[in-house]
Structure formats: structure tokens, C-alpha cells
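Trainee: Any chance you can model this:
(one chain, ligands or ions: 2)
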Amino acid sequence: MKAIINEILEKDCKKAEGILEVASNIILNGGTVIFPTETVYGLGANAFDKRAANRIYKAKGRPQDNPLIVHISSNEMLYDIAKDISEDAQKLIDKYWPGPLTMIFFKKECIPDEITGGLETVAVRMPRNKIALKIISNANVPIAAPSANISGKPSITSGSDAVEEMAERVNMIILSDDSEIGIESTVVDMTTEVPAVLRPGKISQMEILETISDTEDEFIDNLNKLENFIKEQYREDLIPKSPGMKYKHYSPNARLILLDKNEIIERVDNFLKGVEVPDFEFEDELQKELRKFDKQKIKVLSIDDNVGLYKGFGYSLGNNLDDVGKNLFKTLREMDKIGVEIILCEEICLEPDRIDFLNAIMNRLSKASENI
Ligand code: TXA
Ligand code: MG
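Mentor: Ligands and ions are numbered 1, 2, ... in the order given. Down below sits the predicted model:
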């Protein structure tokens, strides 16, 4: 298979109606299309068609028990596929859709088990990228779309990375702008008493509780309920609620090690000093490991301000959280392209008032790393 590849920037979406019609027709014929969203690129197929769903799993090499997110372009589509849509859900829809929030609902019959990995629930999101919305609304069917990467690899946030990794695996790729957010959507379970975040993202658990609570008292009440729910989960739930959370994720070919800034500085200094005595008593495993590599095979990922601390090894992820989010997956892929074999990544400290988004970013990094 060789994908049809077309370049369309989001701002030129209107001029490209013909190409987007082609994309929608491929979807309706059971094929696969990679398209941009504001979070990461998605690999889409008709959510009503189980054979198309299987093509997604095959293209990604993804385990079939890991369910897919269904993308819609209107509220009507939600009511076609999901049941028991609560008042809380309606508040979240009004505030965050279209946008980077995925909600889990009980599913209707029309969504096949192949999409949900056999679960009785379905994950739904209305993306805000105009190209994504247009492909869905033209096709007039919901589109199941996981992140467009090969399973286990970093998500794809640039059109050229999509072409490089997936051109032989799907029917069409819309090569577009770099993803605006760069981190996948927040996944929130709407089937529990209080909406509980299963995968952190740009929209935080606290914002969700604030949105569904009309008063301060209600907010505190919801927070307490959530805390109790989480405690119970830890006690009884050995099966991860979001099946995707149990798999290896986001990993570049290079080894990635997450460390405190000062620990990296120390390793870099020692490396440059070149410890002469083999198996030097005070050397740790990582220091020994580093010694096996040429200088250019080692990189340190850090915030912009700290790049200079790492004496030629530093590589900037950006100087604010939004940029770090945007650059993260692209940078991990870049490390592989330039042949880096070992990445030391700083535990990022930035914008303490946005701790939830920082946690969402660190969640991806820790899953990609060896520290877990
Ligand atoms: O931003 C995003 O969400 C991107 C873009 C393309 O929309 N999509 C994405 O899909 O990240 P994927 O398949 O890479 O991740 C979906 C996550 C997985 O962790 C999966 O286990 C979880 O959502 N999920 C899907 N359906 C679920 C369900 N019914 N119950 C619990 N978790 C579910
Ligand atoms: Mg993914």
C-alpha cells in the first residue's frame, strides 16, 4: 500500500474541499486516513465499520484490547453513539467541545466491539481542527482515530513524521501544520459518580470539577467524592480502567532517562572529565553506561534556560509549557533521526501554577523513559 499524500494547511481548509472529499470517501469505503487534530495526528477509519477498525489496529500494530477514541463533528453524532449523557457531561461539552477533551460514555449498539476492545463504554471527542471536523462532517459518520504512530512509538505531531512512519501503512495522509497542543487529549470517565481523569492532558481534573460545580460547596463535595473514588480504585481495581495506560508508550529508539537537573550536570561533568580508571568505585551504572558512547550519541533535553548548563549536550524543549508540549514528541523523534542513543531528560520545572499540564507532560515522559 502507498498512501495518497496531500498537503493542506488548516488556514487553507476551505480551498481544499475536493481533497477533503476524497478523504471522507476513503473513510466511507472502509479505508484509513491520517489527519491533523489540535492534539496529535490521528489515524482514522469509519467507527461503524468493524473491518475498518481492524485496519487501524493492523496499521499501528496495536493490541486489539486497547480501545479507540471516536471523533465526531456535531452533538447529534454523540447522541447516535452514546447513552446516559449527564448534565455534567453537557456542561463539559458546552465548555470544551470542540477541543482536547475525550469523554467516556456507555455505548449504543451501533458501535462495534472492535472499536471499544469489547468494553460497554465508548470514548468520544469532538476535535477543533477544521480539517478534522470537515472530514468527519463530509463523511457524516463518526471516525475512530488513535494517535497516528506505530504502537509504542512517540505520537506524531508533524505531517512529515506521519509520512515518514506511515506512508506504507494507510490509504491517505493529510500533511498539515504541526499539532497546536502536541499532547493527546485529556480522557475523562463520565460513567463514574464524579468525572475522573484517566489520562491527563491540557484540560485538567480541577478545571473539569470547577466546570461541573455551580457553587464552591458543590466543588468541595465533588472533590471529596473523587478522592474516595480514587482510593477505592487503588484498593480493588487491578485491571487498568483505561486499557491503554498499561502498555509501553511514546518510546524513541534511544534510551530515555529522566533525572533531576543536578544529577545530569554531575554526569555530564564526569563524562567530560573522562574518568580514567575503569569501574571507578564511585561511578554509578548510568555513568558507566554513558562512557560507552561517543559524545554525539548523548543528548540532554531541557528547558531553554538550562541548555547552557549541559556543556554542549543540551537540546531545548522550549521556554514555556505550551512550547514544551508542542515540541515533546517531535523532539523525541528528532533524537532518533540524528542517531542519538541515550537521552537524559530533565525533570521539568516551569509555570508552577499550571501543575496539571506539567503533570500531563511528565506523564508522557515517564512512560517513555526507563524509570517506570
Ligand atoms: O488527542 C487524542 O486523544 C488523540 C487524537 C488523535 O484525537 N487520540 C489518541 O488516541 O490519543 P489513542 O488511541 O492513542 O489513545 C486513546 C486512549 C487510550 O489510552 C485508550 O485506552 C483510552 O483512550 N480509551 C479509549 N476508549 C476507552 C474506553 N472506552 N474506556 C477507557 N479508556 C478508553
Ligand atoms: Mg496513542
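Trainee: all contacts plus neighbour counts: C-alpha atoms, from now on.
Mentor: Fine.
Trainee: Now do the same for the most centrally placed residue in the chain: its pLDDT.
Mentor: Geometric centre of the chain, nearest residue: E184, 2.9 Å, by CA atoms, centre = their mean. E184 carries a pLDDT score of 98 in this model.
Trainee: can you check R235 too?
Mentor: The model's pLDDT for R235 equals 68.
Trainee: again, but for I348
Mentor: Reported pLDDT for I348: 95.
Trainee: Repeat that for N270.
Mentor: Value listed for N270 in the pLDDT field: 89.
Trainee: same deal with G152?
Mentor: pLDDT at G152 comes out at 93.
Trainee: The one 5 residues further on now?
Mentor: T157 is assigned a pLDDT of 98 by the prediction.
Trainee: Make sure it is actually in contact with E38.
Mentor: No: the pair T157 / E38 is not scored as a contact, 9.1 Å apart, by CA atoms under 8 Å.
Trainee: can you list residues touching both of those two?
Mentor: S179, G182 (CA atoms under 8 Å, 6 or more residues apart in numbering).
Trainee: who has more neighbours, those two?
Mentor: Between T157 and E38, counting by other CA atoms under 10 Å, T157 is the more crowded of the two (34 against 24).
Trainee: Are we agreed that that one is in a helix?
Mentor: No: using DSSP: H, G, I helix; E, B strand; the rest coil, the assignment for T157 is coil, not a helix.
Trainee: And for the top helix by length along the chain, what's in contact with it?
Mentor: Secondary structure of the chain per DSSP state H: the longest helix is helix 216-236. Residues outside helix 216-236 that contact it (CA under 8 Å, 6+ apart) are E193, V194, P195, A196, L209, E210, S213.
Trainee: after it comes which helix or strand?
Mentor: Of the helices and strands lying after helix 216-236 in sequence (DSSP states H and E), the nearest is strand 255-259.
Trainee: Which elements pack onto that next one?
Mentor: On a contact count with 3 or more CA pairs under 8 Å, 6 or more residues apart in numbering; DSSP states H and E, strand 255-259 meets strand 342-346, helix 355-368.
Trainee: can you pull the buried residues of that strand?
Mentor: Within strand 255-259, the residues that qualify as buried by neighbour count (16 or more other CA atoms under 10 Å) are L256, I257, L258.
Trainee: for the residue nearest to the centre of the chain, what are its contacts?
Mentor: T39, V40, P100, S147, G201.
Trainee: Quick check: beta-bridge partners of the closest residue to the last one other than its chain neighbours?
Mentor: Pointing back at G201 there. Residue nearest to G201 in three dimensions, not counting chain neighbours: T186, with 4.1 Å by CA to CA, 6 or more residues apart in numbering. In this entry, T186 is beta-bridged to L101, by DSSP bridges.
Trainee: how close does K273 get to ligand 1?
Mentor: 43 Å (CA to the nearest ligand atom, to the nearest Å).
Trainee: Please identify which residue in the stretch 251-372 of the chain comes closest to ligand 1.
Mentor: With CA to the nearest ligand atom as the measure, R364 is the residue of the stretch 251-372 of the chain nearest to ligand 1, at 11.4 Å.
Trainee: and the closest residue to that residue other than its chain neighbours, how many neighbours?
Mentor: Spatially, and ignoring its direct neighbours in sequence, R364 is nearest to Y250 (6.9 Å; CA to CA, 6+ apart). When neighbours are counted by other CA under 10 Å, Y250 registers 23.
Trainee: Y250 and S369, how far apart?
Mentor: Using CA to CA, to the nearest Å, one gets 9 Å for the distance from Y250 to S369.
Trainee: now F329
Mentor: 13 Å.
Trainee: Between those two, which is the more surrounded one?
Mentor: F329 (26 against 22).
Trainee: what's the helix or strand for the more buried one?
Mentor: helix 321-337.
Trainee: if you compare the helices and strands packed on strand 255-259, which one is most tucked away?
Mentor: Among the helices and strands packed on strand 255-259, strand 342-346 has the highest mean neighbour count (mean count of other CA atoms under 10 Å), at a mean of 23.
Trainee: Partner strands of that strand, with direction?
Mentor: strand 255-259 (parallel), strand 298-302 (parallel).
Trainee: ok now it, how far from the chain's centre?
Mentor: Chain-centre distance of strand 342-346: 20 Å, with CA atoms, centre = their mean, to the nearest Å.
Trainee: still on that earlier bit, so the helix holding F329 versus strand 255-259, what angle?
Mentor: 140 degrees (axes from the mean of the first three to the mean of the last three CA atoms, to 10 degrees).
Trainee: Who are the packing partners of helix 321-337?
Mentor: Judged by 3+ CA pairs under 8 Å, 6+ apart, helix 321-337 is in contact with helix 355-368.
Trainee: Kindly recompute the last result at 10 Å.
Mentor: helix 159-166, strand 298-302, strand 314-316, strand 342-346, helix 355-368 (3 or more CA pairs under 10 Å, 6 or more residues apart in numbering; DSSP states H and E).
Trainee: In contact with the spatially closest residue to K311 that is not a sequence neighbour, which residues are there?
Mentor: Spatially, and ignoring its direct neighbours in sequence, K311 is nearest to V268 (7.7 Å; CA to CA, 6+ apart). Applying CA atoms under 10 Å, 6 or more residues apart in numbering to V268 gives the contacts 262, 274, 287, 290, 298-300, 309-313, 344.
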